[in-house]
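A.B. asks: Whatever this is, show me its structure:
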Amino acid sequence: MIFDTHTHLNVPQFKDDIEEVIIRAKELDVTEMAVVGFDTETIVKSLDLSHKYPFIYSILGWHPTEAGSYSSTIEDKLMQQLQDERVVALGEIGLDYHWMEDPKDVQEKIFRRQIAIAREMNLPISIHTREAIEDTYKILKSENITNIGGIMHSFSGNREWADRFLDLGMHISFSGVVTFKKALEVQTAASHVPLDRLLIETDAPYLAPVPYRGKRNEPGYTHYVAQKIAELRELSYEEIAKQTSRNAHKLFRID
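C.D. replies: Residues are numbered from 1 along each chain as shown. From the prediction side, this is the model:
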């Protein structure tokens, strides 16, 4: 019933217990998930998982903290991998001014290049932005991404920023951050995003929601994100779960 639109079952934190994690997810109504590959190793692992499990899909791209290692060889391989039938989007791509592994101009160049690839391959994009929301918006607007569409992944901005990204044609996805007591601006945004543009995710193993904050996150915990948004919007948990799943299917073009 629930679609976790952004998780990382392809990282070492899950190497010993993926089967158990999947079982727990199903027990919490999480029946589909998109595993995001962001570098050479995790891209391969994402594809392995999506071919092994029919309810797992792949999102593949080159993370902004890896921008400096992007090359023509990597791009050629990535474009080949993006043609896989299990791939539903290109990402996560964007800007990260928190870690600043590479200069802003390098990050921007690789960001714009991957947007061009997404346009060429007719794929929606999944956007990572950390301490860079204004520049991220400017780039997406200048690239005229309305016809591509995509996801503002793990959205942590306020209502006004949500509205600006919605105007560009993006979906807004909320993670466990929306359950945090002090995340009032994120909660306000989650209360007002149009239902047909709302998505939910975990970003597991990071950003575990209340009541598991500070522990390893798991796809199953999307359940608690759905519960919190239902509470904020005064709707039923089932309605949020089903609507966000329908939205994911439509965006990812899953029958």
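A.B. asks: residues contacting the nearest residue to residue 62 once chain neighbours are set aside?
C.D. replies: With C-beta to C-beta, 6 or more residues apart in numbering as the criterion, residue 62 has its nearest non-adjacent residue at 5.4 Å, and that residue is residue 70. C-beta here means a position set from N, CA and C on the backbone, and glycine is covered the same way. Residues in contact with residue 70 (C-beta atoms under 8 Å, 6 or more residues apart in numbering) are 62, 110, 113.
A.B. asks: Phi, psi for the residue lying closest to residue 194 once chain neighbours are set aside please.
C.D. replies: Spatial nearest neighbour of residue 194, excluding adjacent residues (C-beta to C-beta, 6+ apart): residue 166 at 7.1 Å. When read as degrees, to the nearest 10, the backbone of residue 166 gives phi -60, psi -40.
A.B. asks: so residue 166 touches residue 160, yeah?
C.D. replies: No: the criterion here is C-beta atoms under 8 Å, and residue 166 misses it with residue 160 at 10.7 Å.
A.B. asks: neighbour-wise, which of these two wins?
C.D. replies: Taking neighbours as other C-beta atoms under 10 Å, residue 166 and residue 160 compare with residue 166 leading, 16 against 10.
A.B. asks: related to what we said a few turns ago, sort out which of the contacts of residue 70 are buried, if you could.
C.D. replies: Listed as buried from these are 62, 110; burial here means 16 or more other C-beta atoms under 10 Å.
A.B. asks: Among the contacts of residue 70, which lie within helices?
C.D. replies: Mapping the contacts of residue 70 onto helices (DSSP state H) picks out 110, 113.
A.B. asks: what's the closest of the contacts of residue 70 to residue 92?
C.D. replies: Nearest to residue 92, judged by C-beta to C-beta, of the contacts of residue 70 is residue 62 at 9.0 Å.
A.B. asks: Looks like that closest one contacts residue 93 (just checking).
C.D. replies: Yes: the criterion here is C-beta under 8 Å, and residue 62 meets it with residue 93 at 6.6 Å.
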